[in-house]
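# model the following, please.
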Amino acid sequence: MLGFILWIISSLLLLAGMVLPMFSFHKFYIFDDTFSLFGGVIYLLEEGELFLFLILFAFSIALPIYKMVLSFLLVNNSIKEAERKLKIVNRLAIVGKWSMTDVFVIAILAATVKLGMIATIEVHTGLFVFGAGVITSMLLVHRLLAGYELRAV
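Predicted coordinates:
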């Protein structure tokens, strides 16, 4: 039951963190842009920054969603075959190692903008909510992997 509650909390935090404003960019004290994670990814795609779009989308959107889907399969206990469950546990262990990459990518993006001489950046709630979602999902993955190892022994 605790695993399912952690899954709901981390899923809600991750999704909310993806759509809430994360950053405001101020350039020349005239132009102000506020971005959520989804908004920033779409902006990069529209601007033709395909490489940055792919990195940010893969590590900050696709990977956390994939991790939550795998976690749900284990938390829901819908898979009965031991071999299939072991495959999911192994995938979750691999994905879990990359858990903080999404926050790291966003931090690099923020630092890059912050280093600009004329632009400044202001951090908003979305970044903290997203970070809390990542940490909660890491706790969930750790709990799931530890629980599976205990049952396997």
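
# lowest-confidence helix or strand of the chain?
Ranked by mean pLDDT, DSSP states H and E, the weakest helix or strand in the chain is helix 101-114, scoring a mean of 64.

# after that one, which helix or strand is next?
strand 119-123 (DSSP states H and E).

# list the strands paired with that next one, with their directions.
The strands that strand 119-123 pairs with in its sheet are strand 21-27 (antiparallel) (by DSSP bridges).

# what are the buried residues along the strand it pairs with?
Using 16 or more other C-beta atoms under 10 Å as the test for burial, strand 21-27 gives 21, 22, 23, 25, 26. Heads up, the C-betas are built off the backbone N, CA and C, glycines and all.

# TSV for these, including pLDDT?
Formatted as TSV, those follow (pLDDT from 0 to 100):
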residue	pLDDT
21	92
22	86
23	81
25	75
26	75
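
# so the longest helix anywhere in the chain versus strand 21-27, what angle?
Scanning the chain for the helix with the most residues, using DSSP state H, yields helix 125-152. Following axes from the mean of the first three to the mean of the last three C-alpha atoms, to 10 degrees, one obtains 140 degrees for the angle between helix 125-152 and strand 21-27.

# returning to that earlier point: quick one: which two of the buried residues of strand 21-27 are the most distant?
Farthest-apart pair in the buried residues of strand 21-27 is 22 and 26; separation 14.4 Å (C-beta to C-beta).

# so what strands line up beside whichever strand or helix holds residue 32?
Here residue 32 sits within strand 31-36, counting by DSSP H and E. Under the criterion DSSP bridges, strand 31-36 sits next to strand 21-27 (antiparallel) in its sheet.

# chain center to the partner strand: distance?
Strand 21-27 has its C-alpha centroid displaced from the chain centroid by 19 Å (C-alpha atoms, centre = their mean, to the nearest Å).
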